[in-house]
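Q: I'd like to go over a predicted model; first the sequence, then the structure.
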Amino acid sequence: MFDVPPLVTFAFRPCEARKNWPAGCSNPVMHPITFLGLLEEMIDIKVQQQTESHLKTSPEVAAVLLQKRETDKRRLDQIRAELIRLLTA
């Protein structure tokens with residue numbers, strides 16, 4: 001439908017790090033796998049943003065990218081807050 005390079009995805013994934021929390025644990029101790037999962041997700045979003053910033057897009061794709069940027073910004077804020085909470089717990 002759109003001419004989008006394969007490096008850019010529009011999949012909105014749930015936080016991968018939460019899958020590694022022990023069952024029934026709502027406030028986990030900072031496990032290395034939790035930290036790495038959040039860090040990897042943050043890096044993935046940043047790499048996508050960098051790639052998207054160099055795209056020459058049609059108006060339709062530009063509208064989708066704008067929504068994605070807003071969603072990514074909210075997710076980055078959530079990741080930062082979660083990392084701060086986990087590191088200070």
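A: Structure received.
Q: element containing the residue nearest to residue 69 when sequence neighbours are not counted?
A: Distance criterion C-beta to C-beta, 6 or more residues apart in numbering; nearest residue to residue 69, sequence neighbours excluded, is residue 49 at 7.1 Å. Using the backbone N, CA and C atoms, a C-beta is placed for each residue, glycine as well. Using DSSP states H and E, residue 49 sits in helix 32-53.
Q: in that helix, what's buried?
A: 34, 37, 38, 41, 45, 48, 49, 52 (16 or more other C-beta atoms under 10 Å).
Q: would you check that the last one makes contact with residue 65?
A: Yes. The criterion here is C-beta atoms under 8 Å, and residue 52 meets it with residue 65 at 5.7 Å.
Q: how close does the residue nearest to residue 69 sit to residue 81?
A: As defined by C-beta to C-beta, to the nearest Å, residue 49 lies at a distance of 19 Å from residue 81.
Q: picking up where we left off before, show me what the helix holding residue 49 packs onto, helices and strands only.
A: Contacts defined by 3 or more C-beta pairs under 8 Å, 6 or more residues apart in numbering; DSSP states H and E place helix 32-53 against helix 59-88.
Q: quick one: the helix it packs on to helix 32-53, angle?
A: Per axes from the mean of the first three to the mean of the last three C-alpha atoms, to 10 degrees, the angle that helix 59-88 makes with helix 32-53 is 150 degrees.
Q: good, we can wrap up now.
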